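A.B. asks: need a 3D model of the following:
(one chain, ligands or ions: 1)
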Amino acid sequence: MAKVVVGMLGFGTVGTGVIRILDQHSGISLKKVAVRELSKKRALSAPCPITANPSELVDDPEIEIIIEVMGGERPALDLLTAAIEKRKHIVTANKEVLAKHGPELFKLAASKGVAIFCEASVAGGIPLISTIHKGLEANQISSVTGILNGTTNFILSSMEEKGEDFNAALAKAQELGYAEADPTADIEGFDVAYKLSILTALAFGHFANPKDINRKGITSVMPEDFKHARDFGYRIKLLGSTSAAGDAVDVRVRPSLVPILHPLANVSGANNGIVVDGDAVGELMMVGPGAGELPTASAVVGDLINLASALKLPDFASYFQAAIEPGWAKLAPAGDRRSAYYLRIEVHDHPGVIGQIGTIFGDHHLSIRNIVQQGVSYDHASIIIITQDVKEANMEEALAELSKKEFLKTVAACMPIYAAGGKHA
Ligand SMILES: NC(=O)c1ccc[n+]([C@@H]2O[C@H](COP(=O)([O-])OP(=O)(O)OC[C@H]3O[C@@H](n4cnc5c(N)ncnc54)[C@H](OP(=O)(O)O)[C@@H]3O)[C@@H](O)[C@H]2O)c1
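C.D. replies: Residues are numbered from 1 along each chain as shown. Next up is the predicted model:
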């Protein structure tokens, strides 16, 4: 049988893994690889010519599938667009380009009768996308929630286990190669927002515009919050979630408290863990390596083998392609979300402070489940509060009123508490 001819844009971490795995698969012929710098030393030699001109691959009529593992928005977008225009199928690991340009790329692919496969773009080696797209096709998905970034999970795990502060844990993650020299995309939650955009498309039919995703990273999480969280039976994780909210979708990235007995709380180090809630299957959880050379390449080559095996079937692309509509998802207003909250409020230790906090919370319909005051020093106390299920808008209003009080030093932490069933409690 004739081999399927493919070209690969990028020969970095993931591209290297792809070449290693392809070595064991005989039905696919890698014709050419494109890189930025030809003179760079590579971990292994490519089994085909290498070029610094990616258009050579896109313009080659013999190449049927383009593997895009170069990353970033541009030139990836232009190259993918040009490849789809030429009716080449796509396998990509690039969450950023999909999150920012998914609607246009999928629309173009549908019009050209080609498929875009992107298993590696979310949760690395975990077959999450094919599970949602094919395995759970019988279900109405109500939410997808999880730990979608290994770097931040490594940092939070180190902070909890070793009592390190954020900067020390980040430096260690960089030293061990888990975090980039510029860690912004990970620690500020952009990477998770990109992945949620894609998961929203698969679960609810439209990409979520990453610019509009309600996002908070982990830079303000302090070592003492892990201790307080543990005293109440929780761990702190950076959770991304996309969930049905009437005719809209609630998509958010937040450091959150997770009950210690929930399996998500036990996803440690650089792993990812995702809970999918479907009406027929109930709650389903997947855990595994969310990044790394071979785990990510496993997802890329899996896509490639699936795609290659279908190439000769008539009109197969529409069967493989998830039903993603043009345009962006309608996002629910952030303030509508209900959740229990963990708060750490630093105050001047004056008589009557707790009473005043109670009055402000009561005025804004916030019910307190637990409250603990700890003296820090003369005139300084930490007040730790766990609320009942409250509306985020009410919480924001209460905190705005609290901020006007002279006794307040700072609201040092305000994090939602995750509850099973895919919702923040
Ligand atoms: N690394 C992971 O664990 C992981 C996990 C999941 C998803 N992903 C995604 O996979 C993709 C690749 O990640 P990676 O870690 O493999 O990246 P990487 O190590 O930085 O490799 C990127 C590759 O693309 C090439 N490249 C970049 N810009 C180019 C340009 N303008 N023209 C030609 N070649 C260009 C680079 O060439 P040079 O080698 O010459 O610089 C390099 O070979 C990204 O979208 C990433 O988000 C990665």
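A.B. asks: list the contacts of the closest residue to the ligand within the stretch 1-150 of the chain.
C.D. replies: Per CB to the nearest ligand atom, Gly12 is where the stretch 1-150 of the chain lies closest to the ligand, at 1.9 Å. C-beta: built from backbone N, CA, C; applies to glycine. By CB atoms under 8 Å, 6 or more residues apart in numbering, Gly12 lies in contact with Val69, Met70, Gly71.
A.B. asks: so what's the last one up against?
C.D. replies: Which is Gly71. By CB under 8 Å, 6+ apart, the contact list for Gly71 reads Gly10, Gly12, Ala93, Asn94, Glu96.
A.B. asks: change it to 7 Å
C.D. replies: Gly10, Asn94, Glu96 (CB atoms under 7 Å, 6 or more residues apart in numbering).
A.B. asks: for the nearest residue to Ala181 once chain neighbours are set aside, give its distance to Ile187.
C.D. replies: Sequence neighbours aside, Gln174 is the residue nearest to Ala181 in space, at 6.8 Å (criterion: CB to CB, 6 or more residues apart in numbering). According to CB to CB, to the nearest Å, Gln174 stands 11 Å off from Ile187.
A.B. asks: quick one: low-confidence parts of the stretch 51-200 of the chain?
C.D. replies: In the predicted model of the stretch 51-200 of the chain, no residue satisfies pLDDT under 70.
A.B. asks: tell me where it has strands.
C.D. replies: In the stretch 51-200 of the chain, the segments counted as strands under DSSP state E, counting those that start in this stretch are 65-68, 89-92, 116-117, 141-147.
A.B. asks: how about those strands in JSON lines, adding distance to Phe226?
C.D. replies: Formatted as JSON lines, the strands of the stretch 51-200 of the chain follow (distance: least, CB to CB, whole Å):
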{"stretch": "strand 65-68", "distance to Phe226": "39"}
{"stretch": "strand 89-92", "distance to Phe226": "37"}
{"stretch": "strand 116-117", "distance to Phe226": "39"}
{"stretch": "strand 141-147", "distance to Phe226": "16"}
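A.B. asks: ok, back up a step: more neighbours: Gln174 and Ile187, which one.
C.D. replies: Between Gln174 and Ile187, Ile187 has the larger neighbour count (other CB atoms under 10 Å), namely 22 against 16.
A.B. asks: residues contacting that one?
C.D. replies: Contacts of Ile187 by CB under 7 Å, 6+ apart are Thr152, Leu170, Gly217, Ile218, Thr219.
A.B. asks: for those, which single residue is the most surrounded?
C.D. replies: Most neighbours among the contacts of Ile187, by other CB under 10 Å: Thr152, with 31 neighbours.
A.B. asks: wait, doesn't that one sit right on Asp186?
C.D. replies: Yes. Contact criterion CB atoms under 7 Å: Thr152 and Asp186 qualify, at 5.6 Å.
A.B. asks: spell out which parts of the stretch 201-350 of the chain neighbour the ligand.
C.D. replies: Ala291, Gly292, Thr296 (CB under 6 Å from any ligand atom).
A.B. asks: most centrally placed residue in this structure?
C.D. replies: Note on the chain: the residue nearest the mean C-alpha position is Val192, at 2.8 Å, using CA atoms, centre = their mean.
A.B. asks: and the closest residue to Pro183 other than its chain neighbours, what does it touch?
C.D. replies: Nearest residue to Pro183, sequence neighbours excluded (CB to CB, 6+ apart): Leu170, at 6.2 Å. Applying CB under 7 Å, 6+ apart to Leu170 gives the contacts Ile155, Ala179, Pro183, Ile187.
A.B. asks: so which helix or strand takes in the nearest residue to the last one once chain neighbours are set aside?
C.D. replies: Using CB to CB, 6+ apart and skipping the chain neighbours, the partner closest in space to Ile187 is Gly217 (5.0 Å). When secondary structure is defined by DSSP states H and E, Gly217 falls outside every helix and strand.
A.B. asks: mind checking pLDDT for Gly217?
C.D. replies: Note on Gly217: pLDDT of 98.
A.B. asks: for Ile345, see how far away it is.
C.D. replies: Counting by CB to CB - Gly217 and Ile345 are separated by 21 Å.
A.B. asks: where's the closest residue to the ligand within the stretch 301-425 of the chain relative to Glu283, distance?
C.D. replies: Relative to the ligand, the nearest point of the stretch 301-425 of the chain is Asp303 (12.3 Å; CB to the nearest ligand atom). From Asp303 over to Glu283 the distance is 26 Å, taken as CB to CB.
A.B. asks: cool, Ser158 as well?
C.D. replies: In terms of CB to CB, Ser158 sits 28 Å off from Glu283.
A.B. asks: pretty sure Ser241 sits in a helix.
C.D. replies: No. If the criterion is DSSP: H, G, I helix; E, B strand; the rest coil, then Ser241 is strand and not within a helix.
A.B. asks: my read is that it contacts Val253, right?
C.D. replies: No. Ser241 is beyond contact range of Val253, at 8.1 Å (criterion: CB under 7 Å).
A.B. asks: backbone dihedrals for Ile236, please?
C.D. replies: Per-residue torsions, Ile236: phi -100, psi 130 (degrees, to the nearest 10).
A.B. asks: partners of it in the sheet?
C.D. replies: Following DSSP bridges, Ile236 is listed with bridge partners Leu257.
A.B. asks: residue of the stretch 151-300 of the chain nearest the ligand, please.
C.D. replies: For the stretch 151-300 of the chain, CB to the nearest ligand atom, closest residue to the ligand: Ala291, 3.3 Å.
A.B. asks: do I have it right that that residue meets Thr151?
C.D. replies: No. Counting by CB under 7 Å, Ala291 does not reach Thr151; the two are 8.0 Å apart.
A.B. asks: so who does the residue lying closest to Pro289 once chain neighbours are set aside touch?
C.D. replies: Leaving out its chain neighbours, the residue that sits closest to Pro289 by CB to CB, 6+ apart is Pro295, at 3.9 Å. For Pro295, the contact set (CB under 7 Å, 6+ apart) comprises Gly124, Gly125, Pro289.
A.B. asks: ok, of those, which come out buried?
C.D. replies: Buried members of those, scored by 16 or more other CB atoms under 10 Å, are Gly124, Gly125, Pro289.
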